[in-house]
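> structure, please.
(chains A and B)
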Number of protein chains: 2
Amino acid sequence: MSAAPHSSRPAAAPMVYVCVTCRRQGEQECALDYEPKPGALLAAATERAAEGSGVTVRRLRCLANCSRGPSAALRCNGSWAYVFGGLDERNAGALIEGAQLLARAGDGILPWRGRPDILKRGLIARVPPLDFQEVDT
Amino acid sequence: MSAAPHSSRPAAAPMVYVCVTCRRQGEQECALDYEPKPGALLAAATERAAEGSGVTVRRLRCLANCSRGPSAALRCNGSWAYVFGGLDERNAGALIEGAQLLARAGDGILPWRGRPDILKRGLIARVPPLDFQEVDT
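Take a look at the predicted model:
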């Protein structure tokens, strides 16, 4: 596995961040709010899917995509970061697959081709690596 | 100005990334697509607003928030990154103000209080700093 561009570390270190507080789209907070939350279920499923994959899964609270959750983000050292929404437990494997695809990408960009479908239609936003500079803008 | 947590550099280095290819919400690509694009106008206005502010403005192509553009993102070294949508040229000053607010935040989180209104209602997603680890999830 080669290091992504702009990396300050030797490994690509694929990572999936999963928001554990996410509800499903359209679900409102209420007094009878049930547990575990869909986000927490997605996190648990993603942790299971990550076993032996080389991908690190980190749970966190809030990727600020609350209206289109459940949410998760992918990133490697020096890569772009990608936020996805409208996920559920069945997408855990796709998140791991996406993180591995990103880790293999020499340019730090998650390729469209070969990307699991949910990582196409569920894309919310992406953020460049810290030192990114666009050519010819 | 103090360094944000997780920073490997001494300065907070507030930065605004502006997508120059963004259209307005609901605007479709068409043969008679006009120039300059709303994203490019926002970028130019943000560059003007940044003069003497200590904030760096970087133009880029696509934050993958195409359905809710024009889009921009804020980040400092070691801070969370924030993506905003539904912007226009009048929001250039708010982007600079937000970047400065983030640079002053000791915890790398853009405070809600005192944040320009467009950076509340226009928030699309946020991404943690590379080494972020949530406590007690």
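> for residue A:42, give its distance to chain B.
13 Å (Cβ to the nearest Cβ, to the nearest Å). Heads up, the C-betas are built off the backbone N, CA and C, glycines and all.
> number of residues surrounding that residue?
Residue A:42 has 28 neighbours, counted by other Cβ atoms under 10 Å in any protein chain shown.
> so what's it closest to, chain neighbours aside?
Nearest non-adjacent residue to residue A:42, counting by Cβ to Cβ, 6 or more residues apart in numbering or on different chains: residue A:70, 4.9 Å away.
> from memory that neighbour sits against residue A:87, does it?
Yes: with contact defined as Cβ atoms under 8 Å, residue A:70 counts as touching residue A:87 (4.7 Å).
> list the contacts for the residue nearest to residue A:42?
Listed by Cβ atoms under 8 Å, 6 or more residues apart in numbering or on different chains, the contact set of residue A:70 reads A:18, A:19, A:22, A:23, A:24, A:38, A:39, A:42, A:85, A:86, A:87, A:88.
> roughly how far apart are it and residue A:78?
27 Å (Cβ to Cβ, to the nearest Å).
> please apply the same query to residue A:44.
Using Cβ to Cβ, residue A:44 is found at 29 Å from residue A:78.
> and these two? which has more neighbours close in?
For the pair residue A:44 and residue A:78, the greater number of neighbours falls to residue A:78 (20 against 17), based on other Cβ under 10 Å.
> confirm that one sits in a strand?
No: assessed by DSSP: H, G, I helix; E, B strand; the rest coil, residue A:78 does not belong to a strand; its assignment is coil.
> isn't it right next to residue A:129, touching?
Yes: in terms of Cβ under 8 Å, residue A:78 counts as a neighbour of residue A:129; the distance is 5.1 Å.
> what residues does chain A put near chain B?
A:8, A:17, A:20, A:43, A:58-65, A:71, A:73, A:75, A:77, A:81-83, A:123-128, A:130, A:132-134, A:137 (Cβ under 8 Å from any Cβ of the partner chain).
> any chance you could read off phi and psi for the residue nearest in space to the middle of chain A?
Nearest residue to the geometric centre of chain A (Cα atoms, centre = their mean): residue A:73, 2.4 Å. Taking degrees, to the nearest 10, you get phi -130, psi 150 for the backbone angles of residue A:73.
> which residues are in contact with it?
Contacts of residue A:73 (Cβ under 8 Å, 6+ apart): A:16, A:17, A:63, A:81, A:82, A:83, A:84, B:125, B:127, B:128.
> including pLDDT and secondary structure, could these go into a markdown table?
Listed next are the contacts of residue A:73 as a markdown table, based on pLDDT from 0 to 100; DSSP: H, G, I helix; E, B strand; the rest coil:
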| residue | pLDDT | secondary structure |
| --- | --- | --- |
| A:16 | 98 | strand |
| A:17 | 97 | strand |
| A:63 | 96 | coil |
| A:81 | 98 | strand |
| A:82 | 98 | strand |
| A:83 | 98 | strand |
| A:84 | 98 | strand |
| B:125 | 98 | strand |
| B:127 | 97 | strand |
| B:128 | 96 | coil |
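> ok so, going back, please pick the buried ones from the residues of chain A next to chain B.
Among the residues of chain A next to chain B, those scoring as buried are A:17, A:20, A:43, A:58-60, A:62-65, A:71, A:73, A:75, A:77, A:81-83, A:123-128, A:130, A:132 (criterion: 16 or more other Cβ atoms under 10 Å in any protein chain shown).
> span of stretch A:50-68 from start to end?
Counting by Cα to Cα, to the nearest Å, you get 24 Å between the two ends of stretch A:50-68.
> hey, where'd the strands end up in chain A?
A:15-19, A:56-60, A:72-75, A:81-84, A:123-127 (DSSP state E).
> partners of the second one in the sheet?
In the sheet, strand A:56-60 lines up against strand A:15-19 (parallel) (DSSP bridges).
> and the helices in chain A?
Assigned by DSSP state H, chain A shows helices spanning A:38-50, A:92-104, A:118-121.
> now for the second one, which elements pack on it?
Right, the one you point to is helix A:92-104. Under the contact definition 3 or more Cβ pairs under 8 Å, 6 or more residues apart in numbering or on different chains; DSSP states H and E, helix A:92-104 sits against strand A:15-19, helix A:38-50, strand A:72-75, strand A:81-84, helix A:118-121.
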